[in-house]
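> structure, please.
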Amino acid sequence: MKGSLIVVGFFALGCLLGWSGWLPDVVIENDITVYVLYLLMFQVGLSIGSDKKLKDILGSIRPKLLLVPLATIAGTLVFSALVGLLLTQWSVFDCLAVGSGFAYYSLSSILITQLKEPFWGVQLATELGTIALMANIMREIMALLGAPLFVKYFGRLSPICAGGATTMDTTLPIITRYSGKDLVFISIFHGIIVDFTVPFFVSFFCFYTRM
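Purely as a prediction, here's the structure:
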């Protein structure tokens, strides 16, 4: 939760600096977020590839294990689409792009902003990117705070599904505590699979709205 609050704090600081006009022109005129996005994509590859448990996880994959990340992905996309049907400003595919962040707020928000900007302009693209940031931060916080209730009412796998892409890192300790140590392997495997899909799903749904 501390990490999420730090992200929100930096986001608020960026908004204040942008509004104040104190930033030098070189920062505003050069699209630094593109390079941040490249670094984030590189970091995703590093975090997955350098995981010491990756070899063991890949070696012990059983078809049944895939049901957990598949349930997370399918459930998230279905409910994101349903939300899109209730909104007028954003299309179903815009909502699917936001939901496809699977709690990976830093990557999904920047990726959506970058992919939408050439077609929508800075304002609308930034608006949807901000929605993605806040929605996925809220998902992580809900997974962290709601884990005991999820286990009580929906079973031990529910905090893993709620955590999305974060179950291999930030929400892993809370999942271990309330779901049990025997589900640590499933949680890490789930996080790796969902984490890997984020850039593909977000890019697909952003691209689909252009067609």
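
> which residue packs closest to S109, ignoring adjacent ones?
L133 (3.7 Å; C-beta to C-beta, 6 or more residues apart in numbering). (C-beta placed from N, C-alpha, C; glycine too.)

> before we move on, what SS does G101 have?
Put simply, G101 is coil when judged by DSSP: H, G, I helix; E, B strand; the rest coil.

> can you tell me which residues contact it?
By C-beta atoms under 8 Å, 6 or more residues apart in numbering, G101 lies in contact with L107, S108, S109, A132, A135, N136, R139, G164, A165, V198, V202.

> next: L183.
By C-beta under 8 Å, 6+ apart, L183 lies in contact with R156, L157, I160, I175, T176.

> what's the closest non-adjacent residue to the last one?
By that I understand T176. Closest to T176 by C-beta to C-beta, 6+ apart is V184, at 5.5 Å.

> what helices or strands is the helix ranked longest in the chain leaning on?
Selection of the longest helix in the chain by residue count, based on DSSP state H, yields helix 122-154. Where contact means 3 or more C-beta pairs under 8 Å, 6 or more residues apart in numbering; DSSP states H and E, helix 122-154 is packed against helix 2-20, helix 92-99, helix 105-120, helix 158-163, helix 172-179.

> most packed of the ones you listed?
Greatest average neighbour count among the helices and strands packed on helix 122-154 goes to helix 158-163 (a mean of 26), per mean count of other C-beta atoms under 10 Å.

> what packs against that one?
Secondary-structure packing of helix 158-163 (3+ C-beta pairs under 8 Å, 6+ apart): helix 67-86, helix 122-154, helix 172-179, helix 184-208.

> quick check: of the contacts of G101, which has the highest neighbour count?
Among the contacts of G101, A165 has the most neighbours (other C-beta atoms under 10 Å), with 30 neighbours.

> which among the helices and strands packed on helix 158-163 is found nearest to G9?
helix 122-154 (11.3 Å; C-beta to C-beta).

> so for the closest one, mean pLDDT?
What helix 122-154 shows for mean pLDDT is 92.

> switch the helices and strands packed on helix 122-154 over to TSV; also include distance to E127.
As requested, the helices and strands packed on helix 122-154 are arranged in TSV below (distance: least, C-beta to C-beta, whole Å):
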stretch	distance to E127
helix 2-20	12
helix 92-99	10
helix 105-120	9
helix 158-163	26
helix 172-179	31
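
> and of the ones you listed, who's closest to G146?
helix 158-163 (6.8 Å).

> what's in contact with the closest one?
In contact with helix 158-163 (C-beta under 8 Å, 6+ apart) are residues 68, 71-72, 75, 103, 139-140, 142-143, 146-147, 150-151, 167, 171, 174-175, 178-179, 183, 186-187, 190-191.

> show me the contacts for L67.
By C-beta under 8 Å, 6+ apart, the contact set of L67 is empty.

> which pLDDT value belongs to it?
92.

> how close does it get to I160?
11 Å (C-beta to C-beta, to the nearest Å).

> if we can go back for a sec, and the contacts of helix 158-163, which are buried?
Buried by 16 or more other C-beta atoms under 10 Å: 68, 72, 103, 139-140, 142-143, 146-147, 150-151, 167, 171, 174-175, 178-179, 183, 186-187, 190-191, out of the contacts of helix 158-163.
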